[in-house]
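In: Build the 3D model from these lines:
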Amino acid sequence: MKTEHLHDIWAGPDNTRLTTKQFSFRFPVHIAAKIAALCDMYPQKNRTQIVADLLTSALDDLEQSLPEAPGDQVEPEWNDRIAEQIDEPGETLFYLGGARGRFRGLSNKHYRELEAELGNAEPELLFDNVVGTKEQFSKK
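Out: Numbers count the residues shown, from 1 in each chain. Model prediction:
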């Protein structure tokens, strides 16, 4: 979610599922004032929705900026099949590693745990496995 789309999102309906747990945060005064201003501007959205959308936007931007590196090597029995699908025949492939790969893996882990609390035993992952060559991950 991009920050520039928040106005359009807040002007429409919300179908977000919430966690079973409540999180409590104390904000710096200047942040609380800005959130209150957004609540006044978009009275059809509650504070939880606004803060969640702001965090989503910031987390998406952060995830995109995290450094990538080659992670674990793709298992030999899968390497050739995957390499053909991504136009890298004969190349040794690796899973996404570095801070970005770690963030994605941990996000998937916590997402599965939170979904289990909501009764969803087998949710789709937030992030799919990304594979590439060492050179591809080194360029980013």
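In: List of residues touching the strand or helix carrying H110?
Out: Using DSSP states H and E, H110 sits in helix 98-117. With contact meaning CB atoms under 8 Å, 6 or more residues apart in numbering, helix 98-117 is reached by 19-21, 63, 66-69, 71, 95-96, 123, 125-127, 130, 137. Every C-beta, even on glycine, is put in place using the N, C-alpha and C of the backbone.
In: Check stretch 52-67 too.
Out: Taking CB under 8 Å, 6+ apart as the rule, stretch 52-67 contacts 1-3, 6, 9-10, 16, 35, 98-100, 103-104, 140.
In: Which members of those residues are classed as buried?
Out: Buried subset of these (neighbour count, 16 or more other CB atoms under 10 Å): L6, I9, W10, R100, F103, R104.
In: Report the separation between the residue most central in space within the chain and C39.
Out: Centroid-nearest residue in the chain: D60, 5.8 Å away (criterion: CA atoms, centre = their mean). Noted for D60: a distance of 22 Å to C39, by CB to CB, to the nearest Å.
In: which of the contacts of helix 98-117 are buried?
Out: E68, A69, G71, Y95, L96, V130, F137.
In: Perfect, I'm done here.
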